[in-house]
Each structure stands twice: as C-alpha cells, then as structure tokens.
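Peer 1: this one's structure only:
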C-alpha cells in the first residue's frame, strides 16, 4: 500500500493513496462494490459504507478480525493501536493477541472497514453503528455505554452529587464533571481504591453485570447494596427502573479486556486417528462404486416414468419412502441420492400434462462413460450444488414441508462450506481423519455467527452434512481424504515429520496450523484435476464381470458388478434377492414369465444361462424354464373389453370354477372363449395371480411382446447454483474496473482553471455547444488537457480527462486519460468542458 505524508481525512482519501494491488484485494474481497463499477473513488468509498455492503463484509470476517472490529467499536474514535491492543490483550498483555493483531487489522484495512494511521484508527461509521452497544442492540462484547453517553440525560445537580460522593471535587459544569468521573474510572489505582471501600454485596452486583448484559432493573427504593453503587456512579440510570454498568467500570473489572474470551488463533483441527493410505483409498473406492450403483438403481427404477411431480413441485413423502425402500436406505439418504442425480443433470421432470420425474438423455450418455469418469461427474455436481438435501423434511419460513426436488432447498453457503471442509481435510497428513467437532469449531472461528448462538446454525449443519456426504460419495474413506479426493481437489498431500502410526487407532499430533485456504480451481485446472482423480480411482474399482454362479436353489450369485448387457437381461429373468459385495438373484415362475413376455424363447434362456454361468445350469432351473414356457401363451387375452381364448375348454372350465375369478366378470361366449368385464391388463394380472401364464395378443391374434420402454425427458440442463452475492471478478475485469475508477477519480479531482462565469465550485459546469467547440479547438492548438462531462448512447454519464488531437465533422478525437487510449467522441454528447489548472 502506498503511503502519504498527510494523514487521510476520510475513507475516500485513504482509498486514493492505495496502489492497484491493494484496490484489487478490496474489490476481490467485496465484489459487490463494483456492481456496477463506481465512477470514482469517492463513490467507491460511499458504497463501501452502505449498510448492506458493511453487513456482508462483517459476516465474512473470521472471529478474531470480527473481535478486532468489535473492540474498535467500543474504543475511542479515533483510537490508537495501543488502545486497541489493550482492549484485546488486556492489562496482562497476551502475546498471541499481540502477534495476531497486525493480521486482523490488515484484513479490516484491506476490506475498507478500518482506515487511518495506527495512531488514528477509525472504524467506518456504519460498522460502528452496527457493533457499538445500545439498549436496542447490545454489543457482542457485553459492554454498555460510556459514562458520557449514560449521563447525557441526567440533571447537572445529580451529576455533581455523584462526583462529590465519589470523592472528587465539584466542578462548574456537567462536561467537566463527567470528564472527572471518566478519569476516575479509567485510573487503575484510584478505581481500585474506590472498589476496595465497597461492601461485598455491592461487588457481587458488579460481577453479575461485568460480562453483560450490562443493564439491570431497580425499584424506586433500591437496596443498600445498589444505593451505594448508584451514589458513586458505578451504576448509572438510563430509564425509569433501569440502570447500566458504565463501559469504563466494566473494563476495569475485566482487566481491560473487551471480550471475555479473545480468540486470536484458529482452533486446531484434531486428527483423532490415522489409517494406511491404501486402506483409505480402497474404502473410498468401495463407497464410490456403491454411489454409482445406487444412482443407476434409482434411475433404472424410474426408467418407465418415475413419481408424479407435486403441484407445488417436488417429490411426495410417500414417493420418497418408496424410493428409500427400493434403494434399501433411509429417507434422508434417499433424498441425497435423488438430489445428487438432479444436480448432475441425470434426472428432471418430463414437462408433460401428467408431469413425472424421469431420467434425462444425459443419463444414457453418462452410462456409456467409464465408471471413474461417471464418479467424477457426480462429485463435481455435488461440490458446486447449492441445493441441500439435508433440508428435506424440514419446514420453510411459511411452515411448509420442504420436499425432495422441490423449491426452497437452495442454500448459497453450501458450496463454500464444502470447499472449506475439504480444504481442511486436505491440510492434514495422508490417512488422517479429524474429529467432526474440531472441524465444526474451526469453521465457526472462520465464520462466526453475529449475535447469539443458535441451535439451527445453518453452517454447522452444512458442515455435518458435508462430512457424511463426502463419505457416501467416496471422496473420503474412514473420515480421511482419499487420494482421488485430493486429486480432484487439486491438493498435494500434507506431510509432516512424524512417527508412523502402528495401527488404525493411533493418535496423530494436533495441528493448529493447517493448510491455508485454497481458492477454487479455474475450469481448465479443474479439468486436469478431474482427469487425475479418474486415473487414480479407475484401478481401485472392480472390473465388470461377464459371468454368474448358478446354484441348485434357483438362485444366481454375481460375485461383483456385471457387464451392462448381462445385468440388463438378468434383471428381467430374475429378481434381486440381496445386495452387497455379491448380488443374489432368484429365479421364479413370475420372473421367467417376464422374460418370455419380453420376447425370449425357452431356448434363448437356456443358451444365455449356459453362456454366462461358470457352473452347470442346475436341473431345477432348467425344469422351471421349460415348465413356464410350456404353459406360457396357452391362454390368450385380447381386448373385447377383454377376452380369454384357449383351445383347451377344460382349462377354461377350471378358470370359471375358481372363486378368485369372480372379480374379473368372466362369462363363456364359445367353448374356447371367455369374455371379461375387466380390461386386458387387469385380466392378465388376475390370471397370473391365479397361477396361469397367459399371453396378450393383438387384434390379428399375434402374441404381443412386452418390452419395457425407457421414458426420457426432453433435453434438460442441470440446475444452476444460486450464487451467494456477486461473483468474484476475474483479473481482466478487475484491471479494467480499477483503471476506470482511477481515471474517473482523476477527472473528478483534477484542479481546473477558475472561470469568471462559474468560479471554482469543484463541479463541472454545463457549457453550450459553441463554448464546447471553441474550447476543444483551442486545446488542440495549445496541447492542453480538458475536463469533460460525457453521456454515452446508453445514457450513462461520466467525467473524463482528455487531450484533444483534432476536431472535425462534429467529433473530437482525443487521448482519453480515463481509458488510457485514443478515442473519438461526438460533440453533442459532451455536456460540459473546463480547462485544467496549470499545476
């Protein structure tokens, strides 16, 4: 930062002496200040002092920087560095505070929340109003008003009584009396003597008020212990029945500390255990495989059209429960997988009249990619998503239930919290898993809650969800960041000299200084990191198998993931009985009939099983296939409403005699034909429940092949994350903005010659077209620079400093000091012109 011989008198002057790097740091930390770009540094300073901008900046301070701002709010205005240090370190002088204060003060200065030299530090007015104590908004420090502020409404006579009772000489006016009382309370020796003369009961009252809140209630006839405190001004009345402990008294009792606990250093992220990196990576890879299988199973379950979209949007509670049962997970976990597929663009609503959720065309493309690349896409979607599955089942501001895939789940802080959690994990040695409590404590220090702590702190819940979701996705394994997670994050493993642990339960040393915050990767860097993560994960994922193991109990065991064609056929031919490291399929008459309905013949099924089984096809399974195939299609169902025909009239007699057929409304039309009042689909299902194997037929009498038709939505884009305020400007935008602000500031602050008509008011005068033209032509001859006002085609007004080169055809060509380039301006858009002073 540049320095100036004259101390700045305002924030605008303090910004004016900054170099470009310092201004760039300010605009990067507070991007709302250049939305839109200010015309000059005065406007930038004004915008930096607005309430919304200051609140946003305060919310992004770490705990010690915020405590420094809170201490400045209760210090004098201006305050010296020594005074600020005493408020934070106390009379004892904490070395850690003294070492951390320059960094915290530098942060406040960088973000334009504090300005001035070390001997005259000033907190911007809006920040002081937000942080200073008041009866309506108590200070986070727990301090009350000063003696001067508390005595502002007291009568001069009462003030003189307090001064006399405190052992001070009376004065001629209230101002000097208040100053004398303030001097007493800030003098350590005299104050100690005054307190020593008080009874223990009175001192106990002060101890109860010293750390806040500083206000108390008294009756019209206060007790003796309170009367003594009121007499000497250690408690001052602020309203009828209300007293306050003056700030100076509280600071003496606190030993000069503004805060009960000053936290200059971030709390340690404590590794509670370590594991061999290979164990972490393989565990994470197992979770990654499970994540891929779960998303595939979810969308396969919704392949022919998923649940109906609620009128208000989202998934109903009943459908979420069904999905959880189908995936064999809890409802919160099911909501996470559903939201993850939606965030990755694999799932959306179809937009039809009977709107349903279904897979998108991107899902089919995703299925064709290698497993490691599919995992990377899921994790990238999770990292940037603002939709927060953990909120599902909660209530919104209108007390409505928040549903999965519904509105109201976006939380802008979610990507940042995930970024910080993974950054902290990346700062630990390989294989180290931290305690959730230490991660929570670290993030609370980095972004403390302003105001009283609440049980529903969103950032704490986001931290908890991030740790569990990272484990579900395989970004972490056993609580430690995996190699593929580090690669995706673009972080090198942290290595510290230490004794290698001998077992998974060994404790690691506590790390108070973890890796510094890592900025999110740029798109090209992220692409490289994603490719590296996929390369690391690929060897750890199991290779798809081309075989199963058939068993005599009509089951097949898949000892690992199956190749997609094999898995698709087996899903039709058998029912999944259990999942895990190995999947068990069970063959039933219903599952075999399902394969026959899909167009397979018995010979096709025998050939398929013989080809893909490492064990001989068991005889019971072969008999089952032949038996179902022999009966399959013996009964034919068509549309009359519906009819059943069969060449075996005895079989039709058996159906009519069965009591379970009563609900189908069957009656005989001919010896080989039965008519039904039910539609064909109901009739088919009813006959199958009765143990028959009917086949549907077309109007021409041909067997209808029942194939599942995958339902897909029209092309859909993944939901856009909801940004948390304006985006951080890139280097190009930042450079252009700084150049424009400096040039505008040059135009607004450059001295100009005194005009007999307009004087030197500091404002650009408006000139006529003739005056503008004459001044421009004269400047071309004398090579002088001019100060102009200009309105562009969009109607935006600005002031610029130009050096005219030529004037012709209603245009002036000039070197624009604002844009640092030669430009041409229409004369009719120039609102005013003035000559600059010679100096």
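Peer 2: Ah, there it is. All figures in this text were calculated on a predicted structure; none of them were measured in a lab.

Peer 1: in this protein, what secondary structure element scores lowest on mean pLDDT?
Peer 2: strand 636-638 (a mean of 63; mean pLDDT, DSSP states H and E).

Peer 1: Tell me the helix or strand right after that one.
Peer 2: Remark: after strand 636-638, the chain's next helix or strand is strand 642-645, criterion DSSP states H and E.

Peer 1: And stretch 53-60, how far out from the chain middle?
Peer 2: 16 Å (CA atoms, centre = their mean, to the nearest Å).

Peer 1: Could you give the average pLDDT over it?
Peer 2: The average pLDDT within stretch 53-60 is 93.

Peer 1: Would you indicate which residues of that stretch are buried?
Peer 2: Going by neighbour count (16 or more other CB atoms under 10 Å), the buried part of stretch 53-60 is 53, 54, 56, 57, 58, 60. Backbone N, C-alpha and C define where each C-beta goes, glycine included.

Peer 1: Buried residues, stretch 780-787. List them.
Peer 2: So stretch 780-787, judged by 16+ other CB under 10 Å, has buried residues 780, 785, 786, 787.

Peer 1: Out of those, which two sit at the greatest distance?
Peer 2: 780 and 787 (15.8 Å; CB to CB).

Peer 1: burial count for the residue nearest to residue 525 when sequence neighbours are not counted?
Peer 2: Excluding its sequence neighbours, the residue lying closest to residue 525 (CB to CB, 6 or more residues apart in numbering) is residue 490, at 6.3 Å. Residues near residue 490, counting by other CB atoms under 10 Å, number 19.

Peer 1: what's the spacing between residue 490 and residue 297?
Peer 2: Distance from residue 490 to residue 297, counting by CB to CB, to the nearest Å: 31 Å.

Peer 1: Also residue 573?
Peer 2: 17 Å.

Peer 1: Of those two, which one has the most company?
Peer 2: Counted by other CB under 10 Å, residue 573 and residue 297 do not tie: residue 573 has more neighbours, with 21 against 16.

Peer 1: what's the pLDDT at that one?
Peer 2: For residue 573, pLDDT reads 89.

Peer 1: So that it lines up with my notes, have the first residue be 480 from now on.
Peer 2: Renumbered: residue one is now 480, and that last one reads residue 1052.

Peer 1: for it, what are its contacts?
Peer 2: Contacts of residue 1052 were listed using CB atoms under 8 Å, 6 or more residues apart in numbering, and they are 1064, 1066, 1070, 1071, 1073, 1074, 1079, 1084, 1087.

Peer 1: let's go with 10 Å and repeat that
Peer 2: 1035, 1064, 1066, 1070-1071, 1073-1075, 1077, 1079, 1084, 1087-1088, 1104 (CB atoms under 10 Å, 6 or more residues apart in numbering).

Peer 1: what does residue 1024 give?
Peer 2: Contacts of residue 1024 (CB under 10 Å, 6+ apart): 1037, 1038, 1039, 1040, 1041, 1042, 1045, 1046, 1091, 1093.

Peer 1: Also residue 808?
Peer 2: By CB under 10 Å, 6+ apart, the contact set of residue 808 is 773, 777, 802, 814, 815, 816, 951.

Peer 1: chain center to the single longest helix found in the chain: distance?
Peer 2: Longest helix of the chain, by residue count under DSSP state H: helix 756-780. In terms of CA atoms, centre = their mean, the centre of helix 756-780 is set 24 Å apart from its chain centre.

Peer 1: Quick check: buried residues in it?
Peer 2: 756, 759-760, 762-768, 770-771, 773-779.

Peer 1: now stretch 523-533
Peer 2: Buried residues in stretch 523-533 (16+ other CB under 10 Å): 523, 524, 526, 527, 528, 532, 533.

Peer 1: and which of the residues you listed is nearest to residue 568?
Peer 2: residue 533 (26.0 Å).

Peer 1: Now do the longest helix of the chain, average pLDDT.
Peer 2: 93.

Peer 1: Toward the C-terminus from that helix, list the very next helix or strand.
Peer 2: Downstream of helix 756-780 (by DSSP H and E), the next one is helix 796-806.

Peer 1: tell me which strands and helices whichever helix or strand comes after that next one is in contact with?
Peer 2: Scanning forward in sequence from helix 796-806 by DSSP H and E, the next helix or strand is helix 810-822. Helix 810-822 makes packing contacts with helix 756-780, helix 796-806, strand 826-828, strand 836-838, helix 850-863, helix 937-952 when contacts are defined by 3 or more CB pairs under 10 Å, 6 or more residues apart in numbering; DSSP states H and E.

Peer 1: pLDDT averaged over helix 810-822 - what is it?
Peer 2: 96.

Peer 1: quick one, it and helix 850-863 angle?
Peer 2: 100 degrees (axes from the mean of the first three to the mean of the last three CA atoms, to 10 degrees).

Peer 1: angle of helix 810-822 against helix 756-780?
Peer 2: Going by the same axes, to 10 degrees, helix 810-822 makes 80 degrees with helix 756-780.

Peer 1: Could I get the buried residue list for stretch 694-707?
Peer 2: Result for stretch 694-707 [16+ other CB under 10 Å]: buried residues 694, 695, 697, 701, 704, 705, 707.

Peer 1: what's that stretch in contact with?
Peer 2: Counting by CB under 10 Å, 6+ apart, 612, 614, 617, 623-624, 644, 676-685, 687-688, 708-709, 713-714, 716-724 sit against stretch 694-707.

Peer 1: Quick one: end-to-end distance for that stretch.
Peer 2: 17 Å (CA to CA, to the nearest Å).

Peer 1: starting at the chain centroid, how far to it?
Peer 2: 49 Å.

Peer 1: What mean pLDDT does that stretch get?
Peer 2: Stretch 694-707 comes out at a mean pLDDT of 88.

Peer 1: Please apply the same query to stretch 826-835.
Peer 2: Mean predicted lDDT for stretch 826-835 stands at 88.

Peer 1: repeat for stretch 1296-1315
Peer 2: 83.
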